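Trainee: return a 3D structure for these sequence lines:
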Amino acid sequence: MHPLAPCQVIGIFDPRASYEAALRENPDNLQNSSTGGRQKRGVATHSKFWASHRTLKIAFINPPSHAHRNAVINAIKHWQNSINLTLEFVDDATGDIRITLEAPANYSAIGTDATLRQPHQNTMNVGTDLMHPQFEATVMHEFGHALGMEHEHQHPHADIPWDKPKVYDVYLHNFNWSKEQVDHNFFRTLDAINTRTTPYDKLSIMHYKIPNEFTTGDWSVENNSTISQKDRRLMRKVYPRNKEDRATSPPPRISLAEIKFATFITGNT
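Mentor: Numbering: from 1, shown residues only. All right, here's what the predicted structure looks like:
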């Protein structure tokens, strides 16, 4: 059995292409006014959620067995009652989300970035062994990315006291990551202008396990194995199933300084 490999997001896309794909799919990815209007945002600060109430086709590329495929499907379905998307599992390899099950890596494109992958390419891989106790949690984590969620430990208010040299040492030597990969998946802090409508959540399925030796104080997070209440709250705000959910989903408050910063990035006035 392969050891549990940490998740990496697929983040090699051109920022402008990512921005345009998000806008084509869902104009609400650019909504950021506290009054409900729209402001032009920087290409680095848009969200990547799918359009509400659309059908999201999910395909498998060369799955090793029906049992393996069905285990992934059953894990993905844990998200269904928190979103308004129709999840359609298709038998051919044509899908909005295309999943491979090749050991040992775990990774996914974030939401609409999946549309930038070539039709023959996967958009998500679950390399955790089917018999591993964290298999189901790994699938739920990766599909959270596919729905547009980012890593929770990169939340702008996480304030994790990282021991960066220790993290670099472990991931460069034990997992053969580059320093840039560690920075992107551990230490990159998400911009507060992004669509984050719940407080930081240590229980999130989207959180890395963080052992105590990775921090400079008595601070750690264990493997989270279930979708947290705040995870579901966020998804219900992004993909509201009814008027009540939508009513509890005010746009994030954006400061004048942040709007000016986004205007500076895009060159808009």
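
Trainee: surely residue 50 is within a helix?
Mentor: No - Residue 50 is assigned coil when assessed by DSSP: H, G, I helix; E, B strand; the rest coil, not a helix.

Trainee: for it, give me its contacts.
Mentor: Shown in contact with residue 50 (Cβ atoms under 8 Å, 6 or more residues apart in numbering): 25, 26, 56, 85, 96, 111, 112, 147, 148, 239. In short, each C-beta sits where N, CA and C put it, glycine included.

Trainee: how far away is it from residue 178?
Mentor: 30 Å (Cβ to Cβ, to the nearest Å).

Trainee: same question for residue 200.
Mentor: 27 Å.

Trainee: so the two - more neighbours on which side?
Mentor: residue 200 (16 against 11; other Cβ atoms under 10 Å).

Trainee: run through the residues that contact that one.
Mentor: 152, 155, 157, 158.

Trainee: what do you get if the cut-off is 6 Å, keeping everything else the same?
Mentor: 155, 157, 158 (Cβ atoms under 6 Å, 6 or more residues apart in numbering).

Trainee: check residue 184 too.
Mentor: Here residue 184 is in contact with residue 11 (Cβ under 6 Å, 6+ apart).

Trainee: show the model's pLDDT score for it.
Mentor: Note for residue 184: predicted pLDDT of 91.

Trainee: over to residue 190?
Mentor: With respect to pLDDT, residue 190 scores 86.

Trainee: since we're on it, how many residues are nearby?
Mentor: 18.

Trainee: does it touch residue 154 like I think?
Mentor: Yes - between residue 190 and residue 154 a contact is recorded at 5.0 Å, counting by Cβ atoms under 6 Å.

Trainee: top of the contacts of residue 200 by neighbour count?
Mentor: residue 155 (23 neighbours).

Trainee: from residue 16, how far out is that one?
Mentor: For residue 155, the distance to residue 16 - Cβ to Cβ - is 25 Å.

Trainee: now do residue 98
Mentor: 23 Å.

Trainee: for residue 242, report the pLDDT, please.
Mentor: The per-residue pLDDT reported for residue 242 equals 79.

Trainee: circling back to that earlier point, higher neighbour count, residue 98 and residue 16?
Mentor: residue 98 (24 against 10).

Trainee: could you say which helix or strand holds the more buried one?
Mentor: Residue 98 belongs to strand 97-100 when elements are defined using DSSP states H and E.
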